[in-house]
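Show me how the following folds:
(3 chains)
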Amino acid sequence: MLLARFLGPRVWILVAVILAAAILVPLANLALPPDHALHVPSYLVPLWGKYVCYALLALSLDLVWGYVGILSLGHGAFFALGGYAMGMYLMRQIGSRGVYGNPVLPDFMVFLNWKELPWYWLGFDQFWFACLMVVLVPGLLAFVFGFFAFRSRVTGVYLSIITQAMTYALLLAFFRNDMGFGGNNGLTDFKDILGFPIQAASTRAGLFAASCIALAIAVLLVGWITRSKLGKLMIAVRDAESRTRFIGWRPQYVKLFAFTVSGIMAGIAGALYVPQVGIINPGEFAPVNSIEVVVWAAVGGRGTLIGPVIGALLVNYGKTVFTAAAPEFWLFMLGGLFVFVTLVLPRGIVGTIDHGWDALRSIRRAKDAEKDESGGDAQAVPGPAE
Amino acid sequence: MRSAITWMQKTAAAATITAFSLSGAHAQDTKPSGEPIKVGILHSLSGTMAISETTLKDAMLMLIDEQNKKGGVLGRPLEPVVVDPASDWPLFAEKARELISQDKVAVVFGCWTSVSRKSVLPVFKELDSILFYPVQYEGEESERNVFYTGAAPNQQAIPAVDYLMGEGVERWVLEGTDYVYPRTTNKILEQYLKDKGVAAEDIIVNYTPFGFSDWQTEVSKIKEFGSAGKKTAVVSTINGDANVPFYKELANQGIKATDIPVVAFSVGEEELAGIDTGPLVGHLAAWNYFESVDTPENKDFIKKWHAFIGNDDRVTNDPMEAHYIGFNMWVKAVEKAGTTDPDKVIDALPGIEQANLTGGTSKMLPNHHITKPVLIGEINDEGQFDVVSETDDLVPGDAWSDFLPESKKLEADWVDLKCGNYDTEAKKCLGDTMAEKSN
Amino acid sequence: MNRSIRWLLAGLAFVLFVAPAVAQQAADPAAIVQKFGGKQSYDDTEAVISELARTGDANVARALRALRDGDLYWRESDEAVFIGKRKGDDYEIFDPMTGEAAGTVPRGEMQKVRVKNSIRNAVTTALGSLTLGADSAAQRMRAAETLFSEADPEMIEPLDAAIASEEDAGVKARMEEARASAVLVSDRPAEEKAAAAKILANRADRESLTMLTRFAGATDDPVAKQAAEAAIVAIQNNIAFWNQMQNVWYGLSLGSVLLLAAIGLAITFGVMGVINMAHGEMVMIGAYTTYVVQEFIRTNAPGLFEYSLFIALPLAFLVAGAVGLVMERGLIRFLYGRPLETLLATFGVSLILQQAVRTIFGPSNREVGNPDFMSGAFDLGLMSVNWNRLWIIVFALVVFAALLAVLNKTPLGLQMRAVTQNRKMAAAMGIRTPWVDAMTFALGSGIAGIAGVALSQIDNVSPNLGQGYIIDSFMVVVFGGVGNLWGTLVGAMTLGIVNKFLEPFAGAVLGKIVVLVLIILFIQKRPRGLFAQKGRFVEA
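The predicted structure follows:
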């Protein structure tokens, strides 16, 4: 019944809006003269592109959290790994235009006296190889991590904490300069992608469009997965894992599938993010970043397709506005927003609107739904269960 | 209680700032008029770096306030635009873009960490604006759009090591946080020490992560290394947050400055404000400015700072002086160019001279670094530094270290060569740093 | 002729007697001390110190110590030298020889005699030879230690004299060690050196190892060389043993810090199931409470500083507990049964609290001092044990025991456990579950607050304080097993010790990464932590 709502035209409207943005924003930026009322200034394009990548990341988290009930506090790790894979390609593209003019080694290796490229940097001069790695590295990590964790039936808060440990360990590892990923400074000063100068307005517009298309595909994919039979199984696992197991399903494989797909989506989001913001640094692995992703999904409404997208766009837009308008007080606003949403809009913005709509139609039905939902989470943590 | 007072003063200060940015200008003796010139301030006010950067934001607001009282620049008032990049590196790039494209600032003063500077670099190059960077850093960079008013390694690290050698130190611990500034500085120092005849076994290099707080093992390692009979010193490039527990552990394990002195490059008055300095007396720091320096300019600066911030306990430090120099240089360059157009100001800046707070006159060099005196200070029990050594002349900042094999041959000169990384062997400009803007 | 000279001298002495102190007899220590006055270079200062050392007069020790501590000043008007103590905007000044008070002088009129490390070292050396015959045993002990490090053959004879007249056995042993270290580098006969090597072998620390190694490399005499080499092996074994002990100690110490940071979370998260992201901020509030208490004491009752931590403890408990209570009543009670959502709300609260502290106290570190009993270290074998680390271990265990007692022995604890295990049943038995919830959360927060008092002694007191501990705290609680206090204790200590044994080999960063990976792997083996809760309520 919950799913039935997403079968309708709303998914298609969302996809249409995203695709329209993919076409109209670059057009408004490139084709319209700067003094035109609808002209989109160049600085806004990469900024919006960044939001779209965040939306994709939030959607990937929603697939595992909203639909399978796995609260990952380490999704930033997949995002960052995808970003690093893309960043390595972009570094190799700099070629001899680095400050030391070394045709092969990135600048940070030159001034740390590295003599040759480490083996894991090989191949990244090819775009197809980098793309493969964008998918493969986060996907593989998610698969291996998920395989062991779900097989051992690590659930609920234990799982959340070890995903956090994973991203924290990666954070520390990537901070190490000896790892060969540029340490704290990360990878930066990119020149071009696929031969297009990365700072050109047209490249930016192209990247923005690519991000939108990726997001649209992801929305369709997640919509398709969740309304398939597998999707029903996911929700069964989310709401009552033990019962699902007793009926004869293997919840660990359902979880593993969702987790791996989600990891890959996050990786792709990271890969699109890096050329638009121009830097990838271990800070992306910081556990706080992953928590923020959870917050976006929650604000928009988890367990919905449109919610995480809206949540990510809204929170990040707010961040942009308030860090400039009220630099001393924006953290109060952000913190207050999280508290407000959990207290007043526990289903998130989209969930609340849906809920209100339902309530109008049938008060009784809404009550049932609430019972269902509150029963859903309780199993995740041993604690005051209802 | 002091806390309450501080809070009230803060609120008052914030109110003044708000009122100020709303009205655009202060009416004083000479009243600047016309459209305000916007000055961007890009320092983290939240997150891990707020601890260091917030002071710089306040210092910039003070400098702008002072300048407006003096009649502004080109007769026009200055208007500060403050944003919070929240210690988030991609956000630095986003905010830089916003300042330049949306707010149309004429110049930006900001950044602290190397990574934040690296993050905004492409933005400043692309949008052709000016950044003044006030913090000591690892060098290995010279960009057309950036002016480095903090120390390069040769203006801080090397004179400090020279001083310690003069004091008879023969064994060296290079202890740093694992990021690019300590890595590069230690590479340079290691080479420098070896050139001076220090044996490899008399140097150890060690790195710890950011925010490291459990120093027991590391400090006892230092203690052990220092018990070999030769005079030992620690050269510390430990970053901000990790310093307090490091010094507390040193004191607790009874390592005194007379046994194993620690010379730090990232510990200034601001950091010491969080520590009881009694047990640390005699440990050293190398900077280009100390609050304790006794000159009329410095006294005046400290007085104005205390009046502006409304708290006599607030200290001044080296990056604040760097902003003081940088800001005044920019003002002079704008007056000289007669416009705030970045290209003209960039061309006008090299050669500009500005009296620094320690009694000398700093000069902007063609490589966009400045000349600075190097002071070595010992921590005293009041949380200040007593200067024990000072270079005779101002030291010109060297963008490319002579002690790194790859950068030895490079030279930066934006006046004649128009290049930030000119290869003196191949006689050409490397990379594409000048490609777009050479006209 | 003789007579006339004598008269002349007498007349001169009379003139000098009434003349300023500077011009008295050349050998008069008081006159030499006055030479510190006026602007001078470090070399000048050092020359005066060695001149004072040559007088052999123990009375100059006061001036020298003041010089070393940076308390020696000269008056700008007449360059007269005094010991100064700061008092507000003035200096109280004292005579450098006798220590008699000589009034107060405004700050602007006094100049400090500039010192640096090499000056301090020169003073220490001078004091070493001057105070060998001092009255206090502690001073003689310090002198012997200094001379041991100096290893100066010229000091053998004064040491012999001092040893002969020494009555304190401990000091005497130190003096003999100092003598031995000097003998090793002297040109004394080989037998005497072999005997000295034995004395150093008994001392068995790193410094004597260094001296012996250098001696074994330099000497030609086979007997002495053999004695030295045997001693070296013995010392090395000794050092290796103590290194292991030191690692265990560091591990326990780190473990106690982790325990303190995590123990409050073991209540709010472990017992109540609230994923309390604001836990670190409760610790921070405790630390800031300590700061405010110390500031208050500094301005109003400086004498109480030694007790500041004891005053701060209950206050920190109350302040953090009150914040916790407000959080529970205003926020968390609406979220029971939705534990994952508590993560979002408390994350929001943590942002607000951080920024609030930043607004009130400013973003930079605040100074929290160590009272004397928390400062310094003592030696246990070759291991130095810091008092503050020791007290923190003791404190962590006391807090743990107290909490255990509250949970197991008090009615509140009973009710807490009842509510946690079966809320509905507990309510049916007449327990006011909302009240118990509030009290439990306040208790957990309060404990986090007193942890903050302890952590303020070893870490930064800044708005970021809590952030540094939150992840480690969650790791500890999850590793130990949610809902089990013993698990938290064992978990914290295990992680601490493992970390400290890895650190010397792997380095601080890799060590920590390895620990995290081990936690991940361990959870695969035991998905509910070290001490898993059992029973039907576990998988409700």
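
so C:Met155 sits in a strand?
No: per DSSP: H, G, I helix; E, B strand; the rest coil, C:Met155 lies outside any strand segment and is helix.

I'd say it and C:Ala182 touch.
Yes: at 5.5 Å, C:Met155 counts as touching C:Ala182 under the criterion of CB atoms under 8 Å. Backbone N, C-alpha and C define where each C-beta goes, glycine included.

Mutual contacts of these two, please.
C:Leu147 (CB atoms under 8 Å, 6 or more residues apart in numbering or on different chains).

any low-confidence regions in the chain?
This is for chain A. A:1-8, A:362-386 (pLDDT under 70).

To clarify, I was referring to chain C.
Ranges of chain C meeting pLDDT under 70: C:1-27, C:533-540.

domain ranges for it?
C:23-120, C:153-220, C:244-531 (automatic domain parsing).

How many residues are close by B:Tyr133?
Using other CB atoms under 10 Å in any protein chain shown, B:Tyr133 has 28 other residues around it.

surely it meets B:Asn145?
No: the criterion here is CB under 8 Å, and B:Tyr133 misses it with B:Asn145 at 10.5 Å.

ok and the residue in chain C nearest chain A?
For chain C and chain A, the shortest gap (CB to the nearest CB) falls at C:Gly273, measuring 2.1 Å.

what about that residue, distance to A:Val157?
8 Å (CB to CB, to the nearest Å).

so what's B:Leu61 up against?
Contacts of B:Leu61 by CB under 8 Å, 6+ apart are B:Ile17, B:Ile41, B:Pro80, B:Val82, B:Phe308.

Just the element for the last one, please.
It refers to B:Phe308. Per DSSP states H and E, B:Phe308 falls inside helix B:296-309.

Please apply the same query to the third one.
Using DSSP H and E, the secondary-structure element containing B:Pro80 is strand B:78-83.

thinking again about what came up before, could you identify which of the domains of chain C is most buried?
Looking across the domains of chain C with neighbours counted as mean count of other CB atoms under 10 Å in any protein chain shown, the highest average goes to domain C:244-531: a mean of 21.

can you give me the end-to-end distance of it?
28 Å (CA to CA, to the nearest Å).

about what we covered before: and the strand holding B:Pro80, which strands flank it?
strand B:37-42 (parallel) (DSSP bridges).

From the chain's centroid, how far away is the strand it pairs with?
18 Å (CA atoms, centre = their mean, to the nearest Å).

Which residues does it contact?
B:57, B:60-61, B:64, B:72-74, B:76-83, B:85, B:92, B:95-96, B:99-100, B:103-111, B:120, B:131, B:334, B:340.

now the domains of chain C in TSV, with distance to chain B?
Below are the domains of chain C laid out as TSV (distance: least, CB to the nearest CB, whole Å):
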stretch	distance to chain B
domain C:23-120	4
domain C:153-220	4
domain C:244-531	2
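
Same list, those domains, but as a markdown table with distance to A:Ile23 please.
Listed next are those as a markdown table, based on distance: least, CB to CB, whole Å:
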| stretch | distance to A:Ile23 |
| --- | --- |
| domain C:23-120 | 70 |
| domain C:153-220 | 73 |
| domain C:244-531 | 35 |
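
Could you work out which of those reaches nearest to A:Ala209?
When the domains of chain C are compared by CB to CB, domain C:244-531 sits nearest A:Ala209, at 32.7 Å.

coming back round to it: show me how far the helix holding B:Phe308 is from its chain's centre.
Taking CA atoms, centre = their mean, the mean C-alpha location of helix B:296-309 is offset from the chain mean by 19 Å.
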